[in-house]
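Asker: Provided below for reference: sequence and predicted model.
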Amino acid sequence: MSAMTIGMPLLVGLILVALFFDFLNGLHDAANSIATVVSTRVLAPRVAVVWAAFFNFIAFLFFGLHVANTIGKGIVAADAVDPLVVGGALLGAIFWNVVTWIWGIPSSSSHALVGGLIGAAMAKAGASAVLWGGVGTIASFIVISPLVGFLLALLLVLATSWASRRSTPYAVDRRFRVLQLLSSCLFSLGHGGNDAQKTMGIIAILLYSQGMLGPEFHVPFWIVISCHAAMGLGTLMGGWRIVRTMGSRITDLRPVQGFCAETGGALSLFGATWLGIPVSTTHTVTGAIVGVGASRRASAVRWGVARNIVWAWVVTLPAAAAVGAGCYWLGAALLG
């Protein structure tokens, strides 16, 4: 473990910063959970955020802590982590989240946090501090998670189209307005189950670096509840700029397509969470929305908007890493 120890007030302050990041994660990524159900007018915006926040919060009842363990032990070496590294990681992620929220860009809070952690750890101990195998797995899912979401949503569109071939358009619309409530809750569960665990891992590794978790790394239950509550509260506030991008600028959605996009995204998130892979809910649902749009015709997707979103994905890791490294060096200089 790191030799650097800090007082209780600073430790509590860093934990509060981590929970603030989790709040921003919920605020920033609320669009992932509610964009389709709002754009199809199945739920009013304010009802939708309450719906999503509730399922964000109770997600801990359905998932283990595999993702939290990956963040805590699978990205950087434990002996390279100290409070300055954690602080740099959080500030790098918060900076990128705020910038992309202001611009209305649906970037990945998950990759912002991972990038910030990598940058701060490298600023302290060089490239040897990074567990590149774990980072490579996470980076590969920048491609894999939207592709899986795309394919699952496309298959679901085909399956629902075949199952509804004898129904009238009115009956199909009414049926999937009900089913979209289910798909929305599943996606919100997947969002809370994967994203809240990333902050859990950060807080737990901070406490571990201070010798407060004993000889074995683990995530105490109070951290689990605190992170889910912070994310749920952030979701409740809603990220309306990004909702507009996700819900209508990529493609136009109807209830059957909203159901397919959310269900495809939820299945992808469930699988990744059970495997312990911290993926981006933004990437997953964007791929699924593009998939349902492309199922109609290629021109139904606004590829210019999609291209700009992909560029944000590519830039997120290095941008957050650079800010994380800068924050670490600044903190080190201030503390001597």
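Answerer: Now that the structure is in, tell me what you want to look at. Residues are numbered from 1 along each chain as shown.

Asker: tell me which stretches of this structure form helices.
Answerer: Remark: helices assigned in the chain by DSSP state H are 8-39, 45-57, 66-73, 83-103, 109-125, 132-163, 169-209, 221-237, 240-244, 255-275, 281-296, 303-335.

Asker: give the other helices and strands that the fifth one contacts.
Answerer: Okay, so that is helix 109-125. Using 3 or more C-beta pairs under 8 Å, 6 or more residues apart in numbering; DSSP states H and E as the contact test, the elements touching helix 109-125 are helix 8-39, helix 66-73, helix 83-103, helix 132-163, helix 169-209, helix 303-335. The C-beta positions use only the backbone N, C-alpha and C, and glycine is treated the same way.

Asker: need those helices in a markdown table (columns: mean pLDDT).
Answerer: Below are these laid out as a markdown table (pLDDT from 0 to 100):
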| stretch | mean pLDDT |
| --- | --- |
| helix 8-39 | 82 |
| helix 66-73 | 84 |
| helix 83-103 | 86 |
| helix 132-163 | 87 |
| helix 169-209 | 88 |
| helix 303-335 | 81 |
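
Asker: export those helices to CSV and tack on mean neighbour count?
Answerer: Below are the helices and strands packed on helix 109-125 laid out as CSV (neighbours: other C-beta atoms under 10 Å):
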stretch, mean neighbour count
helix 8-39, 23
helix 66-73, 23
helix 83-103, 23
helix 132-163, 18
helix 169-209, 23
helix 303-335, 18
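
Asker: on that earlier part again, including distance to residue 215, could the helices of the chain go into JSON lines?
Answerer: JSON lines is the format used below for those (distance: least, C-beta to C-beta, whole Å):
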{"stretch": "helix 8-39", "distance to residue 215": "19"}
{"stretch": "helix 45-57", "distance to residue 215": "32"}
{"stretch": "helix 66-73", "distance to residue 215": "14"}
{"stretch": "helix 83-103", "distance to residue 215": "20"}
{"stretch": "helix 109-125", "distance to residue 215": "22"}
{"stretch": "helix 132-163", "distance to residue 215": "22"}
{"stretch": "helix 169-209", "distance to residue 215": "10"}
{"stretch": "helix 221-237", "distance to residue 215": "18"}
{"stretch": "helix 240-244", "distance to residue 215": "42"}
{"stretch": "helix 255-275", "distance to residue 215": "26"}
{"stretch": "helix 281-296", "distance to residue 215": "34"}
{"stretch": "helix 303-335", "distance to residue 215": "27"}
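
Asker: can you pull the contacts of residue 69?
Answerer: Going by C-beta atoms under 8 Å, 6 or more residues apart in numbering, residue 69 touches 201, 217, 219, 276.

Asker: switch to 10 Å and redo it
Answerer: Contact analysis of residue 69 by C-beta atoms under 10 Å, 6 or more residues apart in numbering lists 197, 200, 201, 204, 205, 217, 218, 219, 276.

Asker: do you know how far it is from residue 198?
Answerer: For residue 69, the distance to residue 198 equals 11 Å [C-beta to C-beta, to the nearest Å].

Asker: for residue 43, same thing?
Answerer: Counting by C-beta to C-beta - residue 43 and residue 198 are separated by 27 Å.
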